[in-house]
Every structure is written in structure tokens, then in C-alpha cells.
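A.B. asks: Sequence first, then the predicted structure:
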Amino acid sequence: MSPEQIDQNQIIAEINLIPEDKCKELYELIHNFRMGLERSHNNRDEIMQFAGSCSDMPQEKFSDLAGRDFAFA
């Protein structure tokens, strides 16, 4: 079975096989994974707020700030 075909029921079935004394570790792993996904999404949204913010800046000023000779597309 390919990873694309795994559904939540299969994941839950696997979780149910984890020994009780390992549940805290499993919870922390899942929680941290989910939080990382949220942070990644939030960072992307914050970065995209600046998309195009330099488009009205003169090429010379942009190149000075960038330290190279960049051209706008």
C-alpha cells in the first residue's frame, strides 16, 4: 500500500497497538509534528505579505540593498 492511500483509520489502528506506557511519547511526537506544520504554514503566510513590496522600488536602490545587480522580472 502506498503512503497516499493511508487514511486516518489505519493510523488510529496503529496507534491502538502502541503500549500504554509509550502513549505520552507518541502524543508528543504527533503534537510536535502538527505544530511544526502550523508554524510552517504561518511563516509562509507572513512571508507572502511582503510579496511584490519591492516592485515599485527603483532598480538602483534595490541593487544597493541586495548588494548585487538584480533585475526585476
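C.D. replies: On my side now, so go ahead.

A.B. asks: Tell me which residues touch Y27, please.
C.D. replies: If you count contacts by C-beta atoms under 8 Å, 6 or more residues apart in numbering, Y27 has none. Using the backbone N, CA and C atoms, a C-beta is placed for each residue, glycine as well.

A.B. asks: Is it within a helix or a strand, and which one?
C.D. replies: Taking DSSP states H and E as the definition, Y27 sits inside helix 23-48.

A.B. asks: Give me the residue at the spatial middle of this protein.
C.D. replies: With distances taken as C-alpha atoms, centre = their mean, S40 lies nearest the centre of the chain, 2.6 Å away.

A.B. asks: roughly how far apart are that residue and F33?
C.D. replies: As judged by C-beta to C-beta, to the nearest Å, S40 and F33 stand 11 Å apart.

A.B. asks: so the residue with the largest distance to the centre of the chain is in which element?
C.D. replies: Farthest-out residue of the chain from its mean C-alpha position, per C-alpha atoms, centre = their mean: E60, at 33.6 Å. Assigned by DSSP H and E, E60 belongs to helix 59-66.

A.B. asks: Show me what counts as buried in that helix.
C.D. replies: F62 (16 or more other C-beta atoms under 10 Å).

A.B. asks: now do stretch 10-21
C.D. replies: Neighbour counts over stretch 10-21 (16+ other C-beta under 10 Å) mark no residue as buried.
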